[in-house]
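>>> My questions concern the predicted model and sequence given below.
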Amino acid sequence: MSNGPSRIAEFIKKALFVDFVKGLSITLKYNVSRSITLKYPDEEKWVPDRRFRGLHTLNKDENGRELCVACELCAKVCPTKCITVIPMEDDTGRGIADRVAKVWKVELARCMFCGYCEDACPTRALRLGRDYELACLDLSCAVKEKDELLRPQSIPETIQGGFIVRSRFERTPEGIKVVPDLRMQKKRNL
Ligand code: SF4
Ligand code: SF4
């Protein structure tokens, strides 16, 4: 007898297709909500937040001098030993000290983007930037050397990030790249 009212409620629910209507309303809600699909790379590109850890970048000071003093701390602290630094003497003013990196390279295939290397850097020369298109067909492009890492990345430090903007294709020495249009006023949040 105590099951009577609940059985009646169950019957009414079934008769009125309540569960079906509930499911359909969820489907319809997603039909009219804004799409979160990213039209990458043809139309849009994600600009990661500043705390994102992507490709390594080597910084210069405001006078254009290399901040890296080739102390090798980044190479020592790296858990996968994928950084190689070979120092050399240079008193031409290329760097902030008379010791600069003759070789500074990172093997990305072994890097796990933990950020230990940038934390260890005493001169803030090294940062993990926001370039994330690192896929390649062979391992040759998985090794990044000093000259490439000294070039400014496509997303400057001053941009906060964490949004999607329009993109365009650009031919660079490393091949065709998808470049975000950072002048755009209208940004789409994720
Ligand atoms: S991010 Fe981590 S694994 Fe990659 S180079 Fe730096 S310390 Fe090594
Ligand atoms: S990047 Fe920084 S930690 Fe690495 S060798 Fe240069 S100064 Fe030293």
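Here it is on my side, so go on. Ligands and ions are numbered 1, 2, ... in the order given.

>>> Give me the longest helix you can find in this protein.
The longest helix of the chain (DSSP state H) is helix 18-32.

>>> for it, the distance to its chain's centre please.
A distance of 36 Å separates the C-alpha centroid of helix 18-32 from that of its chain, computed with C-alpha atoms, centre = their mean, to the nearest Å.

>>> So which residues of this structure form helices?
With helices called from DSSP H, the chain shows them at 4-15, 18-32, 73-77, 116-120, 146-150.

>>> Report the mean per-residue pLDDT for the second one.
Read it as helix 18-32. Averaged across helix 18-32, pLDDT comes to 92.

>>> can you check stretch 79-92 too?
Averaging pLDDT along stretch 79-92 gives 97.

>>> how about it: buried residues?
Within stretch 79-92, the residues scored as buried using 16 or more other C-beta atoms under 10 Å are Cys82, Ile83, Thr84, Val85, Pro87, Asp90. Yep, even glycine has a C-beta here, placed from its N, CA and C like the rest.

>>> Outline the domain layout of the protein.
Per the record, the chain has its domains at 1-33, 34-50+159-190, 55-151, by automatic domain parsing.

>>> Need the distance between the two termini of the last one.
Across its full length, domain 55-151 reaches 12 Å between end residues, using C-alpha to C-alpha, to the nearest Å.

>>> Wondering if that domain reaches ligand 2 at all.
Yes. Domain 55-151 lies within reach of ligand 2 by C-beta under 6 Å from any ligand atom, at 68-74, 85, 120-121, 123, 125-126.

>>> how many neighbours does Met184 have?
13 (other C-beta atoms under 10 Å).

>>> Where do the strands of the protein begin and end?
Assigned by DSSP state E, the chain shows strands spanning 44-47, 56-58, 83-89, 99-107, 126-128, 143-145, 163-172, 175-180, 188-189.

>>> what's next to stretch 83-97, contact-wise?
For stretch 83-97, contacts defined as C-beta atoms under 8 Å, 6 or more residues apart in numbering pick out 61, 65-72, 74-75, 98-106, 117, 123.

>>> Can you tell me which of those residues are buried?
Using 16+ other C-beta under 10 Å as the burial test, these include 66-72, 74-75, 99-101, 104-106, 117, 123 as buried.

>>> in this structure, which segments are predicted with low confidence?
Applying pLDDT under 70 to the chain flags the ranges 1-3, 185-186, 189-190.

>>> rerun at 50
Along the chain, segments meeting pLDDT under 50 span 1.
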